[in-house]
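Asks: Provided below for reference: sequence and predicted model.
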Amino acid sequence: MLDGLVRRAVYDAGRRDGHVPARVVELAEVIHRAAIEFRTTVLASADSGTGDDSSGSVTPVSFTSDERLTAHQAARLAGVSEEFIRRLACEGVLKGTKSGHRGAWRLDPSSVVVWMAGRKAAA
């Protein structure tokens, strides 16, 4: 999500001003590479947007800026129960929305990662 916002801001600045400082472009590239690494390692292991090929290895798929995690995916990523993830979402600790007639949670991946980092720092 941050990756998409930064890339969009750099693009808009280039269109508006005609020039983007090299350091800003470098920073955007670092963020983009980190986002790709995150998608292919952390989220892939949480069964988010990936599939198994015939060899059994995980094949990452690119994410869009509006990609969301299910409660099941977030729970696997964080190593907690789905019920706990849903409770955090209800309390507003995790950003997300309810969708469908059963009210399944669709969570913002960045809020899950931020919560996990805070949890790890507190431990």
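Replies: Received, thanks. Numbering: from 1, shown residues only.

Asks: Quick check: which ranges of the protein have low pLDDT?
Replies: Scanning the chain for pLDDT under 70 picks out 1-3, 36, 39-66.

Asks: where's the residue of it most remote from its centre relative to D12, distance?
Replies: The C-alpha centroid of the chain is most remote from G18, which lies 30.8 Å away (Cα atoms, centre = their mean). For G18, the distance to D12 (Cβ to Cβ, to the nearest Å) stands at 12 Å. From N, CA and C alone the C-beta is placed, and that goes for glycine too.

Asks: With adjacent residues omitted, what lies nearest to the residue most central in space within the chain?
Replies: With distances taken as Cα atoms, centre = their mean, P109 lies nearest the centre of the chain, 3.4 Å away. What sits nearest to P109 in space, not counting adjacent residues and going by Cβ to Cβ, 6 or more residues apart in numbering, is L69, at 5.3 Å.

Asks: Could you give the bridge partners of the one you found?
Replies: Per DSSP bridges, the residues bridged to L69 are L107.

Asks: count of neighbours near L88?
Replies: 21 (other Cβ atoms under 10 Å).

Asks: Just read off the phi/psi values of L94.
Replies: phi -110, psi 140 (degrees, to the nearest 10).

Asks: In contact with it, which residues?
Replies: Residues near L94 by Cβ atoms under 8 Å, 6 or more residues apart in numbering: 74, 85, 88, 107-108, 111-112, 115.

Asks: which residue ranges form the helices in the protein?
Replies: For the chain, the helices defined by DSSP state H occupy 2-17, 22-38, 44-45, 71-78, 82-90, 109-122.
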